[in-house]
Structures are given as structure tokens and as C-alpha cells.
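**Q** got a predicted structure plus its sequence, pasted below:
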Amino acid sequence: MAKKIIFMGTPIFAVPILKSLYQNGYPISVVYTQPPQKSQRGQKINKSPVQGISETLNIDFRYPKTLKDNDEEYNFIKNLNADLAVVVAYGQIIPKKFLNLTKKGFINIHGSILPRWRGAAPIQRSIMELDNETGISIMKINEELDSGPVSNTFKINIDYNSNAQEISEKLSLLAAEKILDIIDDVLEDKVKFIDQDHSNATYAKKIDKAEGKINWSDKAINILGKINGLFPTPGAFFNFNGERYKILKAEIGSGEGKVGEVITDKLEIACSNQSIKILEIQRQGKKPQKIAEFLLGSKIKKGSVISNV
């Protein structure tokens, strides 16, 4: 008898995993995702990437605002009599009473090497904190955030030039491959889930846009970690003459000068040590530009000082 699987996910990170399961013959009974969101100007309704691929693959989907105290969804999942739920960046806490509604429980594919970086923004935090590796963890969900026992971790390296978008894509494709190696064993109770060492837990809190503000008094390597960790959104930025500039790509230079000073005519900015060479930038309200194009009309010249305000 075919197994019944529930999939829960929302962002683009979850899409390759859903596609992998579907294309390899695993029957997805229903997909849960976050509701469509209105654009900032309210003119457009944006579906989640997971809703989009569910429509393409003709998989039934649901998008309740919340599962908390939601008897309709509780009864729906209960009546499915599903074997397993696979959760990938769903964006909601699964209430405790839901966790026993499938025969083999709920497993989560999390974008870090647990117990490091539990929470909402593990990929961004690992880059911002200059970790040299990250990965995915496959864990059983319990009532505490990302604290359930782990069956498998798979690691990749992070180099100083890797940004959050690139690492997210690598981890998503890795997860899409590795879930196929273990899902049958999960369904057949052949996987051993091992408790995390909770004393080593760290938390990746949700990113606040204000965290993107660059402090030029910091070390260049920390500033580069912020630039890469917050790409593409919300982005690392500085203000100059009342306008905001988002740095999209940069590298560390060896120049020296007053903190925040533009020390070359190619927009290299001095930090507390070394410097940041900006390679791609986006002026507020404008399109992204390579630095050579940007400098043609820029008011930021050699000798300018960019404050931390």
C-alpha cells in the first residue's frame, strides 16, 4: 500500500525537496504552505514558491494562517491517516497536538548543523558569524523549537566569498538528494534519532533590517560577513548624504585610512583594520550596478568619509 506523505514548506529553499519527493514517486497527499502575501503597495498577491510548484505539479495544497487552535486543519490531517509529515522552512510552529497525527511523526529538514543555529535564520547567522561550515540536519519535531532528536547531518564548507543565497541553494539541493536516501528508512522505523546536546545550542533569531547597517569601525572580515550573510535581503547598507546604499558584493582590501574614509577612486572604504572593496552596489530606488558603472555618476569620491550614522 502506498505511503501517504504530508509536505509543509514555504520559501524557494523548500521547492527542490518537494520536487525530489514527487518526481521520485513518493505520494504527497497534501502540501501546507504560508498564505499568499500582498505586495508592499498592495497591488499584487504573491504566492509562496511552494504554492507555485504545488500548482504546477497538481498537488493539493492548503494555506491556513495558523495551525494554533485550528480544529479544521487538525481534523483534516487526522482524517488523512498519513504516514509521515516532512517539514522544510514552513514558517509556523507545529502545535504539539498535531505531532501524533501521522504514523511516523513529523520530520524537519533544518538548514544548520544542530544544535548550532536553531531558529529562523540559520544560514544568514552562520555566514555573519564567520562559521567555516554549515549543513542540513534531519530531525524529529517535538514541541520545542528545533530541539528534537537528529538522525542525520550533512555538511558543506563556507568560504569568505559565499553569500546566503548561494549557501541556501547548495543546502536545498543537498537536502533534495539526501531525503531520498533516508525517507524509506524513516517510514520503516530503521532510522535512529539521537538527542541533541542542548548545552551547545545557539539561536538564529529572525533578521531585523536594522542589522544591515554597516559600522565601519568593525573589522573588515566582520563587515564582509554581514554583506554576504544578508544578501540578497534585507542587505547590508550605509548612508551617505541622506541616501541609502546597499552593498551587494564586496571583498577585503589591504588599504588603510580613517575609519569610513573612501581611500581609492574605486570605492574602497577603510575599516578598523584593512578595507572593504565594493564590487556591486545599489543606490536607494535604483537598480543594482557594478562598481565601474556606479562610479560614473557617483558623488562618493576618494576622500569622502562615510559615517556610522
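**A** Everything's here; your move. Residues are numbered from 1 along each chain as shown.

**Q** just the strands in the stretch 201-309 of the chain please.
**A** Here the stretch 201-309 of the chain has its strands, by DSSP state E, counting those that start in this stretch, at 203-204, 236-240, 243-253, 268-270, 275-283, 289-290.

**Q** I'd like to know which elements the lowest-mean-pLDDT helix or strand in the chain is packed against.
**A** Counting by mean pLDDT, DSSP states H and E, the chain has its least confident helix or strand at strand 37-38, which shows a mean of 86. If contacts are counted by 3 or more CB pairs under 8 Å, 6 or more residues apart in numbering; DSSP states H and E, strand 37-38 sits against strand 45-46. (C-beta placed from N, C-alpha, C; glycine too.)

**Q** so what strands line up beside the strand it packs on?
**A** Its sheet considered, strand 45-46 pairs with strand 37-38 (antiparallel) by DSSP bridges.

**Q** which residues touch the partner strand?
**A** Strand 37-38 is contacted by residues 44, 45, 46 when judged by CB atoms under 8 Å, 6 or more residues apart in numbering.

**Q** now with 7 Å, please.
**A** Defining contact as CB atoms under 7 Å, 6 or more residues apart in numbering, one finds that strand 37-38 is touched by 45, 46.

**Q** can you check stretch 68-82 too?
**A** For stretch 68-82, the surrounding residues in contact (CB under 7 Å, 6+ apart) are 4, 5, 6, 29, 30, 64, 67, 95, 97, 98, 101, 102.

**Q** burial of residue 8, as a residue count?
**A** Residue 8 is flanked by 26 other residues according to other CB atoms under 10 Å.

**Q** what do you get for the one 4 residues further on?
**A** For residue 12, the neighbour count with other CB under 10 Å is 17.

**Q** who are the contact partners of it?
**A** Listed by CB under 7 Å, 6+ apart, the contact set of residue 12 reads residue 49.
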